[in-house]
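Trainee: Sequence isn't available, so here's the structure alone:
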């Protein structure tokens with residue numbers, strides 16, 4: 001197979017994508033490309049007004065896109081449940097879920113369920129969303145869940161007994177931990193989906209260093225360093241989304257790898273990176289899965305239609321502390 005690039009993106013007419021964080025950055029660019037190829041995109045956004053502005057801009061460019069804006073605040077598991085309930089009410093079949101939204105390097109804050117905000121938003125909200133949409137995905141065409149990771153997973157450390165980060169908090173450390181959780185979740189989901197014979201595939205992709213505003217809340221010194229490095233190494237968003245689009249649309253995309261953009265300073269070409277370090281710890285992945293089930297009341301690979309549980313306060317769930 002020759003190197004894949006965005007120009008190779010196939011026609012997506014008849015397919016429905018849910019893209020989290022679709023009102024800015026990578027999510028908006030992913031939405032633009034999928035819609036331009038005929039896909040229907042449900043833009044899952046925290047701020048619907050911002051989502052509508054992005055949708056209107058895409059349509060103003062002459063794109064005859066089927067774009068639906070729906071509110072989703074991944075920090076709050078009750079919002080995740082409401083989003084899924086709306087899709088249930090509409091009997092919406094979902095072909096691909098792109099778990100893209102994320103926050104980074106923010107001051108310590110807790111979710112309504114008591115979990116540190118970066119872990120709650122980047123991992124736990126997506127864990128719950130995946131579980132709640134799995135029935136809809138199972139009925140989809142070439143169904144897939146694509147979780148957006150980061151090479152920073154290698155620096156991540158997860159303390160599953162201190163998900164509120166009471167024992168010490170570093171904005172950058174918490175972000176790396178959340179990206180390790182993304183990687184562990186995507187790989188464990190793949191293993192569990194295979195074990196039950198599900199048609200849904202779980203893929204993991206990352207954009208490399210991209211020109212997003214994810215570090216806007218970082219300390220000034222860190223932002224300056226990132227800006228200097230970014231002049232050389234950060235890819236334009238339009239290029240950085242290539243691995244994610246590949247994972248979301250190509251049935252040949254492999255599970256079990258970190259699909260990245262390839263070498264720096266060159267156009268992005270999906271590259272299959274072997275995972276290492278903490279990502280290979282199956283025991284940690286299983287424990288993270290169990291802890292996530294406790295906190296959400298949702299087990300993605302055992303959920304059945306009409307038995308979504310109660311996010312965040314399921315029977316028998318424990319405090320995150």
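Mentor: Here it is on my side, so go on. From a predicted model like this one, the values you see are computed outputs, not experimental measurements.

Trainee: Break down the stretch 151-300 of the chain into its strands, ranges please.
Mentor: Listed in chain order, the strands of the stretch 151-300 of the chain (DSSP state E, counting those that start in this stretch) span 201-205, 258-260, 271-273.

Trainee: Just the buried residues of the last one, please?
Mentor: What that stands for is strand 271-273. 271, 273 (16 or more other CB atoms under 10 Å). Where you see a C-beta, it was placed from the backbone N, CA and C, and this is true even at glycine.

Trainee: That one - which strands sit beside it in the sheet, and in what orientation?
Mentor: If you go by DSSP bridges, strand 271-273 pairs up with strand 258-260 (antiparallel).

Trainee: Report all helices and strands that the helix ranked longest in the chain contacts.
Mentor: Assignment by DSSP state H gives helix 171-195 as the longest helix of the chain. Contacts defined by 3 or more CB pairs under 8 Å, 6 or more residues apart in numbering; DSSP states H and E place helix 171-195 against helix 117-119, helix 125-138, strand 144-148, strand 201-205, helix 282-296.

Trainee: and the angle from the last one to helix 125-138?
Mentor: What separates the directions of helix 282-296 and helix 125-138 is an angle of 90 degrees, with axes from the mean of the first three to the mean of the last three CA atoms, to 10 degrees.

Trainee: just how off-centre is the longest helix of the chain within its chain?
Mentor: 10 Å (CA atoms, centre = their mean, to the nearest Å).

Trainee: List of residues touching stretch 82-97?
Mentor: 15-18, 42, 44, 70-72, 129-130, 132-133, 136-137, 139-146, 248-249, 308 (CB atoms under 8 Å, 6 or more residues apart in numbering).

Trainee: can you do 6 Å?
Mentor: The contact list for stretch 82-97, computed with CB atoms under 6 Å, 6 or more residues apart in numbering, reads 15-18, 70, 72, 132-133, 136-137, 139-141, 143-145, 248.

Trainee: Give the buried subset of those residues as a ChimeraX selection command.
Mentor: Selecting only the buried entries of the contacts of stretch 82-97 in ChimeraX, with 16+ other CB under 10 Å as the criterion:
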select :15,16,17,18,70,72,132,133,136,137,140,143,144,145,248
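
Trainee: now the angle between helix 125-138 and the longest helix of the chain, please.
Mentor: 30 degrees.

Trainee: Name the residues that touch helix 171-195?
Mentor: 104-105, 116, 118-119, 122-123, 127, 147, 149-150, 152-153, 155-158, 200, 202, 204, 255, 278-279, 285, 288-289, 301.

Trainee: where in the stretch 201-321 of the chain is pLDDT low?
Mentor: 210-234, 303-321 (pLDDT under 70).

Trainee: The helices and strands packed on helix 171-195 into CSV, with extra columns for distance to residue 54?
Mentor: Listed next are those as CSV, based on distance: least, CB to CB, whole Å:
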stretch, distance to residue 54
helix 117-119, 23
helix 125-138, 20
strand 144-148, 18
strand 201-205, 21
helix 282-296, 29
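
Trainee: Residue 27 is nearest to which of these?
Mentor: Of all the helices and strands packed on helix 171-195, strand 144-148 sits nearest to residue 27, with 9.0 Å by CB to CB.

Trainee: Give me the contacts around the closest one.
Mentor: Against strand 144-148 from outside (CB under 6 Å, 6+ apart): 96-100, 130, 182, 186, 201-205, 247-248.

Trainee: now the angle from it to helix 125-138?
Mentor: Computed by the same axes, to 10 degrees, the angle between strand 144-148 and helix 125-138 is 160 degrees.

Trainee: Strand 144-148 pairs with which strands?
Mentor: strand 96-99 (parallel), strand 201-205 (parallel).

Trainee: Name the residues of stretch 71-84 that are buried.
Mentor: Buried residues in stretch 71-84 (16+ other CB under 10 Å): 72, 73, 74, 75, 76, 77, 79, 80, 81, 83, 84.

Trainee: so how far is residue 178 from the nearest residue to residue 254 once chain neighbours are set aside?
Mentor: Take residue 254 and drop its neighbours on the chain: the residue closest to it by CB to CB, 6 or more residues apart in numbering is residue 272, 6.0 Å away. Taking CB to CB, to the nearest Å as the measure, residue 272 falls 23 Å from residue 178.

Trainee: same check, this time on residue 44
Mentor: 18 Å.

Trainee: more neighbours, these two?
Mentor: residue 44 (29 against 26; other CB atoms under 10 Å).

Trainee: so that one sits right up against residue 74, yeah?
Mentor: No: here residue 44 lies out of contact with residue 74, judged by CB atoms under 6 Å, at a distance of 8.5 Å.

Trainee: Residue 96: neighbouring residues, count only.
Mentor: 27.

Trainee: Looking at strand pairing, list the partners for it.
Mentor: residue 17, residue 144.
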